[in-house]
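Undergrad: Would you be able to build a 3D model of this:
(one chain, ligands or ions: 2)
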Amino acid sequence: MSLPSLLLVGCGKMGGALWQGWLEEGLAPSVILDRRCEAPPAPHRVVRSPSEIPRGFKPDIIILAVKPAGMEETMASLRPVLDDTIVISMLAARTIESLRAASDGARTKIVRAMPNTPASIGKGVTGVCSTDLNEDERKLCTTLLSAVGDVAWVESEALLEALTPISGCGPAYVFLLAELLEKEALRVGLPPDTARLIARGTVSGAGALLEASPEESETLRKNVTSPNGVTAKALEAMMAPEAWPATMTKAIDAAMARAREMAS
Ligand SMILES: NC(=O)C1=CN([C@@H]2O[C@H](COP(=O)(O)OP(=O)(O)OC[C@H]3O[C@@H](n4cnc5c(N)ncnc54)[C@H](O)[C@@H]3O)[C@@H](O)[C@H]2O)C=CC1
Ligand SMILES: O=C(O)[C@@H]1CCC=N1
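TA: Ligands and ions are numbered 1, 2, ... in the order given. Below is the predicted model:
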């Protein structure tokens, strides 16, 4: 199946992850706009400025994946190509209202999405919301986003913002767990190669089991935890109300507060 043609604006860590996933799925001829990007395989191409976008190139969808603070400048530079497009903004914290204001009256439909970097291997989760789309346009966006993982449409921007610190930021929390496990493995005397192998293997193996199993994550956790055994002691420390549960709540609240600051 060929995915729609895109103008990807910003091909950094997130745009690059999405691009990689889409490329592997088979993308209609598309253009990347980024000053710092290597040439993609033909028939796709990279351009360094909006003025280099080939005349006659009419993307089905424009993906915005620049830094949130660069949104206004980027939208202004895209003004000549905005009419009659769907813009999917991946930018954290930037509201549909601010995107619309920055589109300077263009006939464009605005979608807000929050992807995550496992999209590069087709294992992403993308939250998405828009009130602009008709049924066919919504299907088109779903086709594109579901090529790189699961898609969760939400009814409001408030829900998209609630989802951001969970799934948008979430891979970082899991990678932090892998880092901390590796450090602990070193601390208790394992050689570096073994520490790396067992920390990464444990996080990726547990993730794969979670994906493959119909069981709840709680059940999978309990399956590891022999009554009065060694895991139980470790979890007692982690699951104390003031430990991981409180830290997670504090972390999610801090991320949401930062998003509110970035939006204003
Ligand atoms: N990194 C992540 O895990 C996630 C990031 N996001 C969002 O994705 C956006 C990009 O984040 P990252 O990829 O992490 O940043 P990044 O700094 O890695 O990538 C930004 C890219 O945009 C390019 N760029 C800057 N100005 C441009 C312009 N005017 N025209 C074209 N390209 C331009 C830069 O050269 C760079 O390659 C942010 O808005 C962020 O909130 C959303 C979900 C997850
Ligand atoms: O840290 C950030 O602001 C972006 C949004 C979600 C993941 N990275």
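Undergrad: Now Arg221: closest residue in space that isn't a chain neighbour?
TA: Leu235 (7.7 Å; CB to CB, 6 or more residues apart in numbering). The C-beta positions use only the backbone N, C-alpha and C, and glycine is treated the same way.
Undergrad: Extract the C-alpha trace of the helix or strand containing that neighbour and format it as PDB.
TA: Assigned by DSSP states H and E, Leu235 belongs to helix 230-239. Listed next in PDB are the C-alpha coordinates belonging to helix 230-239 (Å, rounded to 0.1, in the frame of the first residue of the first chain):
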ATOM      1  CA  VAL A 230      13.400 -11.400  45.900                       C
ATOM      2  CA  THR A 231      11.300  -9.300  43.400                       C
ATOM      3  CA  ALA A 232       8.700  -8.600  46.100                       C
ATOM      4  CA  LYS A 233      11.400  -6.900  48.200                       C
ATOM      5  CA  ALA A 234      12.500  -4.700  45.200                       C
ATOM      6  CA  LEU A 235       8.900  -3.800  44.400                       C
ATOM      7  CA  GLU A 236       8.200  -2.900  48.100                       C
ATOM      8  CA  ALA A 237      10.800  -0.200  47.700                       C
ATOM      9  CA  MET A 238       9.600   1.000  44.300                       C
ATOM     10  CA  MET A 239       5.900   0.800  45.000                       C
END
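Undergrad: does any part of the helix or strand following it sit near ligand 1?
TA: Per DSSP H and E, the first helix or strand lying C-terminal to helix 230-239 is helix 244-263. No - Helix 244-263 lies apart from ligand 1 when judged by CB under 6 Å from any ligand atom; the minimum separation is 8.5 Å.
Undergrad: tell me the angle the helix holding Leu235 makes with helix 244-263.
TA: Per axes from the mean of the first three to the mean of the last three CA atoms, to 10 degrees, the angle that helix 230-239 makes with helix 244-263 is 40 degrees.
Undergrad: what's the spacing between the closest residue to Thr202 other than its chain neighbours and Ala237?
TA: Spatial nearest neighbour of Thr202, excluding adjacent residues (CB to CB, 6+ apart): Leu181 at 6.3 Å. Going from Leu181 to Ala237 by CB to CB, to the nearest Å gives 14 Å.
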